[in-house]
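Novice: please work out how this folds:
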Amino acid sequence: MTAESSRIGLRADALRNRERILGAAREVFAERGIDAPMATVARRAGVGVATLYRRFPTREDLVRSAFARQMEICGGVLEEAVADPDPWHGFQRLIETVCTLQREERGFPAAFFLAFPDAAEHAEVRLQGERRFTALVRRAQAAGALRPDFHPSDLLVVLLAHCGLVEALPEDGAASRRLVAYLLEAFRARPARGALPPPSAVRLGDFTDPSSPTAVRLGR
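Specialist: Next comes the predicted model:
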């Protein structure tokens, strides 16, 4: 084996280790939240803790890297929403996409809120995203599609509300879609004619029955 082929092999090993760590991080964060011990992520990935910290010196680095693809999707959808000639369609697709990622990638909400920290070097990126979303809101309102009292900060309320549902009913995609549909309907300046998605299979009694897994998740 030549020195060059040895170096290539080492780079390939490092790349495989990185991908194993990121895959393990997504699994562990989904199961235990982003506060799960870094050692747990390392064990799941089959690498040493020192290897993990060489690749990702801080928890924030690991969280952002683990969900980088999802953040890129959100950024791309925001750009498409702003460019959409139909501002309501752009607004609706943005909300639906972010909420879908919340449901399918359970560590994603924390990654989303960590994506633009308060550090000065990230301030412009954060403000640019806020300005784009605000511009989309204003366009949808000017078009008469979005209710005039919707405030851009209401996006945070939407995400927090949906996050709570996902935590209580992590496998119930129907409940998630129905909540998002209700919220979007409430944001319209005028009622739509379309039907809501079908209801969830969860029963009202599940919330009052102490033996129900749903009741347990709600802290009963």
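Novice: in three-state terms, label residue 34 for me.
Specialist: Look at residue 34: counting by DSSP: H, G, I helix; E, B strand; the rest coil, its state is coil.
Novice: correct me, but it touches residue 61?
Specialist: No. Here residue 34 does not reach residue 61: they are 12.0 Å apart, not a contact under Cβ atoms under 8 Å. No exception for glycine: its C-beta is placed from N, CA and C like everyone else's.
Novice: so which of the two has more stuff around it?
Specialist: The neighbour count for residue 34 versus residue 61, taken as other Cβ atoms under 10 Å, is higher for residue 34 (22 against 13).
Novice: and residue 44, how far from residue 24?
Specialist: 4 Å (Cβ to Cβ, to the nearest Å).
Novice: more neighbours: the two, which one.
Specialist: With neighbours defined as other Cβ under 10 Å, residue 44 and residue 24 compare such that residue 24 has more, 21 against 18.
Novice: which SSE is the more buried one in?
Specialist: helix 3-32 (DSSP states H and E).
Novice: off-centre distance for that helix?
Specialist: Distance of helix 3-32 from its chain centroid, counting by Cα atoms, centre = their mean, to the nearest Å, is 23 Å.
Novice: what's whichever helix or strand comes after that helix in contact with?
Specialist: For helix 3-32, the succeeding helix or strand toward the C-terminus, using DSSP H and E, is helix 38-45. Residues outside helix 38-45 that contact it (Cβ atoms under 8 Å, 6 or more residues apart in numbering) are 17, 20-21, 23-25, 27-28, 32, 48-49, 51-53, 59, 62.
Novice: alright, I will stop here.
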